[in-house]
Structure formats: C-alpha cells, structure tokens
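Colleague: sequence first, then the predicted structure, then my questions.
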Amino acid sequence: MTQTAKTIDTHEIARFNTPRDAARFNMIEQQIRTWEVLDPVVLALFNTVPRENFVAESQVGLAFADVELPIGEGQTMLSPKVEGRILQAVGVKKTDKVLLVGTGSGYLTALLATLAAHVHAVEIYPELSAIAKSRLDQQNIHNVTLYVADAANGYAAAAPYDVIIFTGSLPLRPTAAEKMLNVGGRLFAVIGDLPIMQATLTQRISEDAYRHETLFETCLPALENAPQATKFEF
C-alpha cells in the first residue's frame, strides 16, 4: 500500500520548534518516504541524527535539500533519499560490524553507527576523514574507527563484516569485497556506467554462495580507483 507523503506550509511551521525542524520533517516525508523508504527505524533515524551538523556552515541552508552537496576534493554528500534506501536495504542490526567505503561528510557513518555495534569507515582523502572525525566527536559518536586508505577493493585489515557499503559507483561487482562478508552479510553497491547504473544488494548465503538483487536505478559519482573491466585490443 502506497503511503501519501505529508507536507506542511509556512502557517504550520509554528508547531515545530524551529524552521529547521520543519525542513527536516519535509525532507523525511517528501523526499525519503516518497522514495519507498518506509522502514520506521530508518525514518526515525533521520529525525534523530542532525544532518545539518555534517555539512559546512555555508551549506546549512541546503542540508535538507534533495541534492548531492559538494564536500571538497571533488566529492559529494549523498542525497537523503539515497541514504535512506541504502539503510533500508542493508537492514543494520545492533550486533553488526559495518564497513563503509567512502567516509565523506561523516553523516552516513553517523547514521550507521547509531544502528550498528561498530563502523569501520575508510576514506581515501585525509582531509575529509579528519573533518568527519571532528563532526563525529562533536556528536559523541565513538563506535567508529576511521581509516585513510584506498578501499576500492574493500578493506581486508578489519574483515570480516556483516555489512559493506560503497558510497561511490563501481563499473563491476566488487567480488573481492564480497568475500569479506560473514555468512548472512549484506553488501550494497551501485554498479554500472553512465547513463545507466543499478543499486544492488549482495547477500552471502554460505561460504561459497551469494545472492544478488537489483534494487533500483540511480547514478552516483564513480569511486576513486575502482577496478575497471579489462579492455581487449584487436
């Protein structure tokens, strides 16, 4: 059953503590919920973890907008609706150990840490990792270990994991990272090249078997140093 998104106008903002709370409400109801994110745990999470604390001061006014905000080093922050679909897809449990490839702004890291036992977040750019650490510390989120490294093939040093998430797109399925999953573990990745990319979920169902599912179509910037398909020359 389709749920109708709620909306508010300026006359209703008075029932919220601040206009920012009203903007957060509209982000959840007009963007995230309408993009088929109906898990109440995920929806409540966006109301709990303040997205505006994970953007630059000059971007606070855009913190709840349906856009990918630039965060430096040519990288962007995922839009709220994509973050919501990712969280709903992987179904993080309180006992889960998570690998996040691409720490970025630190916001998705914070969302995952609120749900999981521990998050291992890897960022290739030292400055972005340092900014994310500062933001996480300010929010008293400490069940996170941050690394500066290239994790385009996963991050074996802290494996195995229950959940793996790639925040940049990949041209190929990340088979090396799939092997870092525990049995029952889930891996989210957006796979393909422009203009067609597919969000996928892989579950390890035994030591030797995996289940692959296509969730939806979307486009994300390419992950730095992602493995490329072999090109044949004739």
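Modeller: Alright, I've got the coordinates.

Colleague: what about the strands in this structure?
Modeller: All strands of the chain, identified by DSSP state E, fall at 69-72, 75-77, 97-101, 118-123, 144-148, 161-166, 181-193, 196-204, 210-217.

Colleague: out of those strands, which gets nearest to Q228?
Modeller: strand 181-193 (9.9 Å; CB to CB). C-betas here are computed from N, CA, C, even on glycine.

Colleague: which residues does that closest one contact?
Modeller: 86, 89-91, 160-166, 168-174, 177-178, 197-207, 218-220 (CB atoms under 8 Å, 6 or more residues apart in numbering).

Colleague: longest helix in the protein, by residue count?
Modeller: Longest helix in the chain, counting residues (DSSP state H): helix 126-138.

Colleague: buried ones in that helix?
Modeller: 128-129, 131-133, 135-136 (16 or more other CB atoms under 10 Å).

Colleague: save the strands of the chain as TSV, and put in mean neighbour count too.
Modeller: Shown next, in TSV, are those (neighbours: other CB atoms under 10 Å):
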stretch	mean neighbour count
strand 69-72	17
strand 75-77	21
strand 97-101	26
strand 118-123	25
strand 144-148	16
strand 161-166	25
strand 181-193	20
strand 196-204	18
strand 210-217	13
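
Colleague: could I get these as a markdown table with mean pLDDT and distance to E29?
Modeller: Listed next are the strands of the chain as a markdown table, based on pLDDT from 0 to 100; distance: least, CB to CB, whole Å:
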| stretch | mean pLDDT | distance to E29 |
| --- | --- | --- |
| strand 69-72 | 95 | 20 |
| strand 75-77 | 96 | 20 |
| strand 97-101 | 98 | 26 |
| strand 118-123 | 98 | 27 |
| strand 144-148 | 98 | 29 |
| strand 161-166 | 98 | 24 |
| strand 181-193 | 97 | 24 |
| strand 196-204 | 96 | 22 |
| strand 210-217 | 97 | 19 |
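
Colleague: just put those in CSV and tack on distance to V42.
Modeller: Converted to CSV, those look like this (distance: least, CB to CB, whole Å):
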stretch, distance to V42
strand 69-72, 20
strand 75-77, 18
strand 97-101, 15
strand 118-123, 16
strand 144-148, 19
strand 161-166, 14
strand 181-193, 13
strand 196-204, 15
strand 210-217, 14
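
Colleague: select, out of the ones you listed, the one closest to L38.
Modeller: strand 210-217 (13.9 Å).

Colleague: next one: E123 from Q75, what distance?
Modeller: 9 Å (CB to CB, to the nearest Å).

Colleague: tell me, what's touching those two both at once?
Modeller: Joint contacts of E123 and Q75 (CB under 8 Å, 6+ apart) are 102, 104.
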